[in-house]
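Peer 1: okay, predicted coordinates and the sequence, questions at the end:
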Amino acid sequence: MVDEEVVATTFETWTALQKVTDQTRANLIADIVGHPQGAPSVRELEYMNPALGEDAIRRHLGVLQDVGVVAELVVEPGNRVRGYPYKFYQLTPQARALFDRNDLFPADAWQRQYARVEKTGEIAELEAMPRPE
């Protein structure tokens, strides 16, 4: 007899791993993991991936959200600041656990790598912004 819960979990895990092996999505995940707060905005991801446009980044983030790897954090309307992002992206706990079990995207290594990149004043300011819970 097949345990359907195990099959569903295995399938979701396999699907998540398939989606994160795309080079562009892997780069975005590395930037999310490396970000000082673990939750960059699209603007920050675009800075770190200048060859990608905003639309491509959003499309790849959408794929990662669909498979449960990335979650979107949204600043409540009353707390938004004009001209600043109000959506941020972080790994889900399930994705972090999956990556840890498979030695993928080690936080320490990617945080060191991310910190080495020279940032503009705008990007440094965005990095320091508080993120929603």
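Peer 2: That came through, no problem. Here the structure is a predicted model, which means the values were calculated and not measured.
Peer 1: quick one: neighbours of the residue lying closest to Gly53 once chain neighbours are set aside, just the number.
Peer 2: Among residues not flanking Gly53 along the chain, Glu46 sits closest, at 7.5 Å (C-beta to C-beta, 6 or more residues apart in numbering). All C-beta spots, glycine's among them, are computed from the backbone N, C-alpha and C. Glu46 has 18 neighbours, counted by other C-beta atoms under 10 Å.
Peer 1: ok now the helix or strand that contains Glu46, how far from the chain's centre?
Peer 2: Using DSSP states H and E, Glu46 falls within helix 42-48. Distance of helix 42-48 from its chain centroid, counting by C-alpha atoms, centre = their mean, to the nearest Å, is 11 Å.
Peer 1: make 563 the starting number, not 1.
Peer 2: Got it, the first residue is 563 from now on, which makes the last one we talked about helix 604-610.
Peer 1: average pLDDT across that helix?
Peer 2: Averaged over helix 604-610, pLDDT sits at 98.
Peer 1: right, and the residue nearest to Gly615 touches Ile619 too?
Peer 2: Yes: here Glu608 lies in contact with Ile619, judged by C-beta atoms under 8 Å, at a distance of 5.9 Å.
Peer 1: the helix or strand harbouring Glu684: how far from the chain's middle?
Peer 2: Glu684 is part of helix 683-690 when elements are defined by DSSP H and E. Centroid displacement of helix 683-690 relative to its chain, using C-alpha atoms, centre = their mean, is 17 Å.
Peer 1: that helix packs against which elements?
Peer 2: helix 604-610 (3 or more C-beta pairs under 8 Å, 6 or more residues apart in numbering; DSSP states H and E).
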